[in-house]
Every structure is written in C-alpha cells, then in structure tokens.
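Enquirer: Sequence and predicted structure are below.
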Amino acid sequence: MGAVTGQGLLDLIRERFGPRWTTFAILTLLVANGVVTISEFAGVATAMELFGVSKYLSVPLAATAVWVLVVRGSYHRVEGIFLLLTVAFFAYPISAVLAKPDWPAVSRGLVIPTFRMESSYLLMAVALVGTTISPYMQLFVQSSVVEKGITVREYGSTRLDVVVGALFAMAIAAAIIVCTAATLFVAGVNIETAADAARALEPIAGSFAAALFALGLLGASLLAAGVLPLATSFSITEAFGFEKGVSFSWEDAPIFYSLFTLLVAGGAAVTLIPGIPLIQLLVFVYVINGVLLPVLLVFVVRLAGDRELLGEHRNGPLYNAIAWATVLGVGALALVMVVTTVLLPLFGIHLT
C-alpha cells in the first residue's frame, strides 16, 4: 500500500473510511503503541538490572539517548549498533540443540497445534499473538516505505526484505520456544525475573547466560523504543495533514516531534513507577496488543483488497482468504481470553 499509493496507513484510513473511523483507529493505535513503548523501556530496565544497574538510572539514560538520536542525531547510523546487540539471539538455536530437547515432540508440536481452555494458557496465547503480529509494525513498514520514497518499481526487493525478515524472526522465535521448553520447563522454572529467563541460555553460555540474554534484550528494546514512537508519530501526523518525518526540523514539524517526545517520555515514566513488576508488565502489555490487534487488521485487510486503491496490486482471493482467516482467528482468541479471564470470574467461575 505504501509503494503503490505513497501514503501511510492512517492517511489511507482517513481517505477511505472518513474521520470518525480514523479517530477510532488512532485511539486504538495510541493505546496499543503507547503500552508497547512502555514495554520497550521495561525491557531496557530488565536487561540492565542483570548488569546491576538500577532502572532509575538506565531508563532515563535510554530515553534521553533515543530522543537525541532521532531528534538531533542520525538514528539510522546508530540503528546498526542496536541491531548488532541483537545478534546475541543467535545463541538460542545453538542452545536449543545443546539442551537436547525431545525432537519428536518438537516435530509434533510444529505441525499439530494444541489448545487448552485454561486462563493462564489463553492469556499467554494472546500475548504471543500480540507480540508477533504487533500493531505498530503494520504502521512502521508502510510509513518507512513512504518516507524512503519507495515506489512500485522497487517494490519487489522491499517485499523480499519484509518476507525474509519475518521468516528469520519466526525462526529465532521457534528456537527460543524449543530452548526454554528444553531447559526451563523441564526444570519447573517459573519466569518471575530476567535472571530466570536468562537460564535458558546456560547450555551454550554457562555463567555468561545472563550477560548474553541482557545484551540481546537491550538491543531489541532500544531499537524498538526508537522505531515504535517514530512510526506512531509519523502515521498520526500524516493522518491529520501535519508535516512529518525525521528529515524535517523541529520548527518545521513541531506536532510530529512533540508526539514522539510524549510517547518516549510517557513510556519511560511508567516504567519508573516504584515496585512495578517488569516481567508481568511485559506480558500485560502484549495481551493488550493482542486484544486491540483485530481492530487494526480489519482496516489493513479491507484496504489491501481495494481494487480502486491498489488496482492490480490488491490482494487476490487466496491472500484475502488467509488474511480474513487470520483476523477472525486472532479476534476469536482475544474474545475467548476476555470471557474466560474477565467475565466468567465476575460470576465466580474460574478455569484452571
């Protein structure tokens, strides 16, 4: 949509669905992306606590660094540093092999899904969906294509970049699941702290597991802490017709930079609340993401199949069927989770 129309997602929603639906979409995205920004600074705090650094020092420094890089510096130059830190996640596939999991069970789990009507299971399932099909990524990919000036001529390489990135991310995610199942689950470890999560890397890193985990989490969190509020600010200001983009100065795009600053400062501030449980906060944030996700996906799928808007580049019948099945599946999962964890307990009914 970005390459064909040269417009961001919210801009297209405003054109095709009108101001009321645009306002609804903006409020949904502000809530979803606002809470995920909180989670990124929670990730920074969690990672740095493994190095013995208080969140009251690490979070303000991280927020200031992200703000300066985007507003005053060259974000793309430092992006490489953040990406380099995430190379630590390559340790998961190796650790998964060294942990000697039950490979027949892994194979069965890969092709035969399981489902349990348990509150905790449903909560984690929605959180997993919320962090995998994250709403802000729908904004970021399209807004970055628009800001870079990518057209249909370059669309092939851009699409390949997105597909390869998605497949790579899913491969690492699968390795993390196998790795934690073969180490933490068999040992009966409940993840309450970052140190608990880091133990999954002990087969490869040993005593350095915590440091390796912290580096990967720090890089991923810092990268998203810059990308997420940036994409949100870009899309919202575009929807209202304001100047947007890092190529403009603060004087030329004050609304864009003010919204970016508000998201960064707000996310950091919530993380600094005394006594807030960081791991539980991360799960809670992505549960909210998973619940709000179907709202955004409905707009995306309808626009992607719009003949008048995209012409020959619109989604065909197969893509539309897959897309709508995804929307319905995600929506049904979120609905079941809300019913079982919120509504039923009101009547004294609790699922194990």
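Expert: All right, it came through fine.
Enquirer: Flag every buried residue along stretch 186-206.
Expert: Ile191, Ala194, Ala197, Ala198, Arg199, Ala200, Leu201, Glu202, Pro203, Ile204, Ala205 (16 or more other CB atoms under 10 Å). C-beta coordinates here come from the backbone N, C-alpha and C atoms, glycine included.
Enquirer: Quick one: residues in contact with that stretch.
Expert: Outside of stretch 186-206, the residues within contact range by CB atoms under 8 Å, 6 or more residues apart in numbering are 46-47, 49-50, 91-92, 94-95, 98-99, 176, 179-180, 183-184, 209-214, 217, 278-279.
Enquirer: Just the C-alphas of that stretch, formatted as PDB.
Expert: Extracted in PDB, the C-alpha atoms of stretch 186-206 (Å, rounded to 0.1, in the frame of the first residue of the first chain):
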ATOM      1  CA  VAL A 186      11.700 -29.500  32.300                       C
ATOM      2  CA  ALA A 187      13.300 -27.900  35.400                       C
ATOM      3  CA  GLY A 188      10.000 -26.500  36.500                       C
ATOM      4  CA  VAL A 189      11.200 -22.900  36.400                       C
ATOM      5  CA  ASN A 190       8.600 -20.200  36.500                       C
ATOM      6  CA  ILE A 191       9.800 -17.000  34.900                       C
ATOM      7  CA  GLU A 192       9.500 -14.200  37.500                       C
ATOM      8  CA  THR A 193      12.600 -12.200  36.700                       C
ATOM      9  CA  ALA A 194      15.000 -11.700  33.800                       C
ATOM     10  CA  ALA A 195      17.500 -13.900  35.500                       C
ATOM     11  CA  ASP A 196      15.000 -16.800  35.300                       C
ATOM     12  CA  ALA A 197      14.600 -16.200  31.600                       C
ATOM     13  CA  ALA A 198      18.400 -16.000  31.000                       C
ATOM     14  CA  ARG A 199      18.800 -19.500  32.400                       C
ATOM     15  CA  ALA A 200      17.600 -20.900  29.100                       C
ATOM     16  CA  LEU A 201      20.900 -19.900  27.500                       C
ATOM     17  CA  GLU A 202      23.000 -21.800  30.100                       C
ATOM     18  CA  PRO A 203      23.700 -24.800  27.800                       C
ATOM     19  CA  ILE A 204      25.700 -22.500  25.500                       C
ATOM     20  CA  ALA A 205      26.800 -19.600  27.700                       C
ATOM     21  CA  GLY A 206      27.000 -21.100  31.100                       C
END
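Enquirer: what about it, distance to the chain center?
Expert: Distance of stretch 186-206 from the chain centroid (CA atoms, centre = their mean, to the nearest Å) equals 23 Å.
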